[in-house]
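# Predicted model and sequence follow; I will ask about them next.
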Amino acid sequence: MKARQEMVRMGTKIGAALGGVVFLALGLLPGFYFGSYGALVVLKHLMGGPVEPTVLVRMIIAVGIMLGIVCIASVSIVIGSILGTAMGYAVEALTSPVEAKEFAGEAAKAK
């Protein structure tokens, strides 16, 4: 039972790490883009027209960029963890019958 939990935990950790790597490789630029675009759309609707490049607007866009990057990073890591957990369960299911057979063989030899 403990080996099963360890296998699933290891799969979760590996999946989260791979999700982080995928984010760094493929998600950083879209996070920057969608965060800044989302902030501009919100500001456009709040101000009722084109946005002037003032200090306040630039700060809000910077916060939007950070929010976009953090959101895409968290989604990538969570999806990686879910897939890693599923792979941990799959590996555990595939290796479980082999361990049971070996244990049954050792029990028969002990008698």
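Received, thanks.
# Quick one: list the elements packing against the one helix or strand in the chain whose mean pLDDT sits lowest.
For the chain, the helix or strand with the lowest mean confidence is helix 55-110, at a mean of 84 (criterion: mean pLDDT, DSSP states H and E). Helices and strands touching helix 55-110, by 3 or more Cβ pairs under 8 Å, 6 or more residues apart in numbering; DSSP states H and E, are helix 2-22, helix 28-47. Glycine gets a C-beta too; all of them are placed from N, C-alpha and C.
# average pLDDT for the longest one?
Read it as helix 2-22. Across helix 2-22, pLDDT averages out at 88.
# how about a markdown table for the helices and strands packed on helix 55-110, with distance to residue 80 and mean neighbour count added?
Converted to a markdown table, those look like this (distance: least, Cβ to Cβ, whole Å; neighbours: other Cβ atoms under 10 Å):
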| stretch | distance to residue 80 | mean neighbour count |
| --- | --- | --- |
| helix 2-22 | 2 | 16 |
| helix 28-47 | 15 | 15 |
